[in-house]
Structure formats: structure tokens, C-alpha cells
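Trainee: Need coordinates for the below:
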Amino acid sequence: MRMKFNKTGQLLLVATAALLLSASISACWYTFTVDFIFVTSNKAAGPSQYGEIDVLEVDSQTASLRPIPTSPFFSQGRNPVAEVASHDNLFLYVINQDDNSVVQFLIGIDGKLYAQSTANTPGIFPVGIGIDPQDKYLYIIDTYQPLPTCSPVSPCAGALTIFPILTASQVSGQTPVESLGPAVINTATGLNYFPIALGSDIVSPKNISVLPNGNNVYVTAQDSTTGLGFVYGFSFNYTTTGNQTYATPTETVTPAGTLPAGITSSPNNAQVFVADSVNLANAPGGNNIFVYDVNPNGSLTLSATYPAGNAPSALAIDPTGTYLYVTNSVDSNVMVYSVSGTSLNNLGAYATGNQPVAVMVEPRLGQYVYVANFLGNSVSGFELDSANNTLVNAINTPFKTDVQPTALAAIPHDGQTR
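Mentor: Numbers count the residues shown, from 1 in each chain. Alright, predicted model coming up:
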């Protein structure tokens, strides 16, 4: 028997079907988009000469990446080289090296970026950025201190700058939910930065890691005068008077091969991992991963050394602290290590695009790994097969980005705490 509908019934049926289809599409979007990944690219774009930020959705079932409809977004400056997302997943902070600036973006629930505020670092050419777990302080390392004699033709030692992240109650009369306050004053010097220096030597900071407990900040650096590498450790005691924050630093210096580049720390605050990249001009004995124990006072003790590939450039550890991922820029691959305390076990190397410079583990599931390929103009994607301790290529990898991607950051989809 065939059921018949009058005109009104047909309209109701069509409307109901449309609602069901809309709900289905919405449900699929929420189900299959597990994270948003932000990829900075330092190639100038358009008449503004800004760099760009690609926003990519992570498919929860295939690890594939796809750009959101309005991607990419201007980085609001030239040559974005590093970025970090706040732990409440509300904000993305991007440093533009050629403008000495850090830009705060509000992240929409659909992954879109909205520029909120911009601050200039005191020094010259910022290269690294970190944030404390409570989203109270933003840490940025500059290649050179803000001295009149410092420049690429007359280099000097680097510097660490700390910006307080002000909450809505602290930002009177301003639109952003949060904003960056004035740079923290160093009580030891009265300056608004903290030198990364060894006497009069030329010391170049490379990367930064904030311990998950927020008590310690570690910076990899090379002493260009001696050709040796170090990890600078900082801990700070903060005080605030009016709108100005002050900090008294406690510092440690630990040897780290010849050219320490990437750095990360274990989720349990117990270890710090450093990649010692080869210095082809002066010291061909690099290409190692150093594992340090974190002492109660924040100092580091070298526990073990493990071989990496050729010119390791970046490190990432999964949220459980079980796997360490290391990109090798000359070999164009990513190595996987299992982690047990200070012990690493090499589980193999997997091909990436040309010259990988950044690696990350997506935050929602902790099983997808992404690598930014600087000369490959792409992101390589992998899925961890934990049963076999192997990486499997994501479907359709590699994924196209804008020219010369430099850094990766991510937030879980719908994981914001507004």
C-alpha cells in the first residue's frame, strides 16, 4: 500500500528531513573534528607582508587534516616563527620575529582566529615562546638583548622576557577577555628582561620549555664564543605592585653538547629532554638526545645520552609521557622513542617532508603526531599504533600548508573553558 500526503503533510515532511540532515551534518562535524591545529608560515603574504596561520581540522577517524573554510589567517606581523596555545584553549600567542612582536589571538569555537592585542618584546628577533600551566605568564626568548650595540652585524647575548597574562578583572575598560600586561621587571637589574649570558660571551638562545608544574623555565642556548651548548634554568619569585609585576630570578647553567635545539619536559616534571643538533662548521659530534633529571631546586643533572638522526631539530612527548618524538631536519624523518624514566628505546624512524622543524602530539586523543616540513611546505601526519609501537601514515598525508611552515600548536575541539 502506498501512503499519500497532502500538501501540508509534504511540507512538514520536507522540513523534518531538512532538520534531520542539518543535525546529522552538525553531529558529524562535532564527532569527526577532534582538534584544531595552527600552523604558522613565515612566507610573506599579500601587500601587508604578514605571515600566515593555517587552521586545520583533525579527523578523529583517519588523522587527516583539512583547512577550515576561512583559513589561512594573517599572523599580524612578519616572519612568525613560534606559537603556543593557552591551557584553557581560548588563546593562541604568535611571535613575529621581524617585528619583535607577540600577537594574542582569541580562538573561536570553530577554530577561527581573532587578533586581540599586540605587544613588543624588549629585545631583538624573538625565537621561542612558552606559557605556564595556569596561563598566568608568557615567556619569550629574544636572540639579542635590547642594547644599542646589539645587531646581526654586532651580535650580543640573548634575553628572556616575561609578560603577565591579565584576566578580565585586571583589564579595565578593554574588550579582550585577557590581555598582556607590562613586561616583568627583573629585580636584580631593574630591567624589563632577564639576560641569557655567560660573562661577555655571545650566547644565542634557541628554544624554551616551561615545566608542567610552572616552577621552572628552561632555555637551550649556544655560546658562540666557545662553541658549547647550555641549558639555562630559571625559577622566579613574583610580586606585584599596582599594574607592574616584579620577579627575582634564580638561575642555573647546565652543559648541553654543542648546538642544543629542541627541548621538552616530561608530564610528571621529572625529566627534561634536549636535542643536540650537529654544528657542521665547528663540532660534528652532535646529533644526540640528552636526558636530564630535574633536581628539587630546579637544577638539571645529565642522566643519559642517546643517538638521534642527522641534525635533530624538535622534540615532543605524548600526554602520558610514554613516547618521545624527535624530528631530524637533514634526514627528513621523525624518530620514535619509548620512555621509561630516563631510559629511551629507539622504536624506528619514519619519513616526513623536506626539512622537518616542528613536531607535536594532538591533545584530544594523544595518538596522532604531526610534523611541520619547512622546505616541504607541508605537514606530515601519523597515527600511533601502540600495540606494535609503530607509526602509520595518516590518510592523504602530507597535507599542504602555506610556504615554509615554522611551528605547530593545537587545542582539542570544543575543549575551551569559556
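
Trainee: can we go C-alpha only for contacts and neighbour counts from here?
Mentor: OK.

Trainee: Next up, the contacts around the nearest residue to residue 191 once chain neighbours are set aside.
Mentor: Distances taken as Cα to Cα, 6 or more residues apart in numbering place residue 185 nearest to residue 191, at 5.6 Å, with adjacent residues excluded. Residue 185 is in contact with 191, 192, 193, 244, 245, 246, 247, counting by Cα atoms under 8 Å, 6 or more residues apart in numbering.

Trainee: pLDDT at the fourth one, what is it?
Mentor: Per-residue confidence at residue 244 stands at 95 (pLDDT).

Trainee: contacting residues for it?
Mentor: Residues near residue 244 by Cα under 8 Å, 6+ apart: 181, 182, 184, 185.

Trainee: which of the residues you listed are buried?
Mentor: 181, 182, 184, 185 (16 or more other Cα atoms under 10 Å).

Trainee: Which single one of those residues is nearest to residue 263?
Mentor: residue 184 (23.9 Å; Cα to Cα).

Trainee: next helix or strand past whichever strand or helix holds residue 159?
Mentor: Element membership of residue 159 [criterion: DSSP states H and E] is strand 158-166. Downstream of strand 158-166, the next assigned helix or strand under DSSP H and E is strand 179-180.

Trainee: Show me the strands in the stretch 251-400 of the chain, by range?
Mentor: 260-265, 271-276, 288-294, 300-307, 312-317, 323-328, 333-340, 343-351, 356-361, 368-373, 378-385, 390-393, 399-400 (DSSP state E, counting those that start in this stretch).

Trainee: can you pull out the helices in the protein?
Mentor: 7-32 (DSSP state H).

Trainee: Residue ranges in it under the pLDDT threshold?
Mentor: 1-31, 43-48, 168-178, 278-285, 415-418 (pLDDT under 70).

Trainee: redo that, cut-off 80
Mentor: Within the chain, the segments meeting pLDDT under 80 span 1-31, 43-49, 167-178, 278-286, 414-418.

Trainee: ok, back up a step: report the buried residues of the strand holding residue 159.
Mentor: The neighbour-count check on strand 158-166 (16+ other Cα under 10 Å) flags 158, 159, 160, 161, 162, 163, 164, 165, 166 as buried.

Trainee: That strand: partners in the sheet, and parallel or antiparallel?
Mentor: Take DSSP bridges as the rule and strand 158-166 pairs in its sheet with strand 137-144 (antiparallel), strand 179-180 (antiparallel), strand 194-196 (antiparallel).

Trainee: returning to what we had before: for residue 234, state which of the buried residues of strand 158-166 is nearest.
Mentor: residue 160 (9.7 Å).

Trainee: wait, that closest one sits on residue 144?
Mentor: No: if you go by Cα atoms under 8 Å, residue 160 and residue 144 don't touch, sitting 9.6 Å apart.

Trainee: which of the buried residues of strand 158-166 sit farthest apart?
Mentor: 158 and 166 (25.8 Å).

Trainee: okay, now residue 256: neighbour count?
Mentor: 26 (other Cα atoms under 10 Å).

Trainee: Revised request: answer the last question for residue 194.
Mentor: Residue 194 has 24 neighbouring residues, counting by other Cα under 10 Å.

Trainee: Repeat that for residue 188.
Mentor: 11.

Trainee: Same question for residue 387.
Mentor: Residue 387: 6 neighbours (other Cα under 10 Å).

Trainee: who's the closest residue to residue 126 other than its chain neighbours bridged to?
Mentor: Ranked by Cα to Cα, 6+ apart and with sequence neighbours excluded, the top spatial neighbour of residue 126 is residue 142, at 3.9 Å. For residue 142, the beta-bridge partners are residue 126, residue 159 (DSSP bridges).

Trainee: ok, now which ones touch residue 142?
Mentor: Applying Cα under 8 Å, 6+ apart, the residues contacting residue 142 are 121, 123, 124, 125, 126, 127, 128, 158, 159, 160, 161, 205.

Trainee: What residues does the second one make contact with?
Mentor: Which is residue 123. 100, 142, 143, 144, 145, 146, 147, 158, 159.

Trainee: try the first one
Mentor: Residue 121 makes contact with 100, 101, 102, 140, 142, 161 under the criterion Cα under 8 Å, 6+ apart.

Trainee: And it, how close does it get to residue 225?
Mentor: 25 Å (Cα to Cα, to the nearest Å).

Trainee: Share the number of residues neighbouring residue 64, please.
Mentor: Residue 64 has 23 neighbours, counted by other Cα under 10 Å.

Trainee: Between the contacts of residue 142, which sits nearest residue 83?
Mentor: Proximity of the contacts of residue 142 to residue 83 (Cα to Cα) peaks at residue 128, which lies at 7.8 Å.

Trainee: surely residue 303 meets residue 342?
Mentor: Yes: the pair residue 303 and residue 342 qualifies as a contact (Cα under 8 Å) at a distance of 6.6 Å.

Trainee: quick one on the thing from earlier: and the contacts of residue 142 as a markdown table, adding distance to residue 68?
Mentor: Output for these, formatted as a markdown table (distance: Cα to Cα, whole Å):
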| residue | distance to residue 68 |
| --- | --- |
| 121 | 31 |
| 123 | 35 |
| 124 | 34 |
| 125 | 30 |
| 126 | 29 |
| 127 | 27 |
| 128 | 26 |
| 158 | 37 |
| 159 | 36 |
| 160 | 34 |
| 161 | 33 |
| 205 | 34 |
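
Trainee: of all those, which comes closest to residue 385?
Mentor: Nearest to residue 385 out of these is residue 128 (Cα to Cα; 31.2 Å).
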